[in-house]
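**Student:** What follows is a predicted structure for the sequence shown.
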Amino acid sequence: MTTSPANSNGDAAHAWELMRRIGVAMLVTRDGEALRARPMWAHLAPDENRIYLLADARRHKDDEIARAPDINLAFADASKQNYVSLTGHAEVSNDRDRISALFSTAAKAWWTSPDDPNIRVLKITPRDAEFWDASGTLVSSIKMAAAAVTGARPNLGDHRKVSL
């Protein structure tokens, strides 16, 4: 994989596009000294430089964020070899208008309506992201096999660090 630090708008836009295509992220928070991860549907708002997640107040995410607001969101599509790891700051909100705007068919698996008093919005402000964008599993496998035979390091795609 080609690795280079970058801060261009093109790389940031590509990171946002990968996150949009993947959709679900593992939200990593701190629970004391331990790290906890759980899958969350990400609602991207790149024009605001924000990511919104719907969460349940009866769970521990909001307490963990109140104690340690620095989080990680990890997006992964292993079938396409696309990954994004994002660091940022999280806030818990009870913004009912935002909850109504974000409420979707997928949210109905957890709550009956956007009026459920247990729904909260996690507002993520990204600091930076790192993405890996490869050619897919089959192409990557062929390149790795060729590299093993030749002793050369395989170029599996792009790897960038970007400020968001």
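**Tutor:** Noted; the coordinates are in hand. Computed from a predicted structure; not experimentally measured.
**Student:** Spit out the contact partners of the closest residue to residue 110 other than its chain neighbours.
**Tutor:** Excluding the flanking residues, the one nearest residue 110 by C-beta to C-beta, 6 or more residues apart in numbering is residue 56, at 6.4 Å. Just so you know, the C-beta spots here come from the backbone N, C-alpha and C atoms, and that holds for glycine as well. Contacts here follow C-beta atoms under 8 Å, 6 or more residues apart in numbering; on that basis residue 56 touches 110, 111, 118, 119, 120.
**Student:** of those, closest to residue 49?
**Tutor:** Closest to residue 49 out of the contacts of residue 56 is residue 120 (20.4 Å), distances taken as C-beta to C-beta.
**Student:** quick one: the closest one is in a strand?
**Tutor:** Yes - according to DSSP: H, G, I helix; E, B strand; the rest coil, residue 120 belongs to a strand.
**Student:** which of the contacts of residue 56 sit farthest apart?
**Tutor:** Going by C-beta to C-beta, the pair spanning those furthest: 110 and 120, at 11.7 Å.
**Student:** Comparing these two, which shows the higher neighbour count?
**Tutor:** residue 120 (22 against 13; other C-beta atoms under 10 Å).
**Student:** Against residue 100, how distant is that one?
**Tutor:** 13 Å (C-beta to C-beta, to the nearest Å).
**Student:** ok, now residue 61?
**Tutor:** 20 Å.
**Student:** With neighbour numbers in mind, choose between those two.
**Tutor:** residue 61 (22 against 12).
**Student:** which ones are touching that one?
**Tutor:** 27, 29, 38, 55, 92, 122.
**Student:** which stretch of helix or strand covers the closest residue to residue 31 other than its chain neighbours?
**Tutor:** Spatial nearest neighbour of residue 31, chain neighbours left out: residue 64 (5.4 Å); criterion: C-beta to C-beta, 6+ apart. Using DSSP states H and E, residue 64 sits in helix 61-67.
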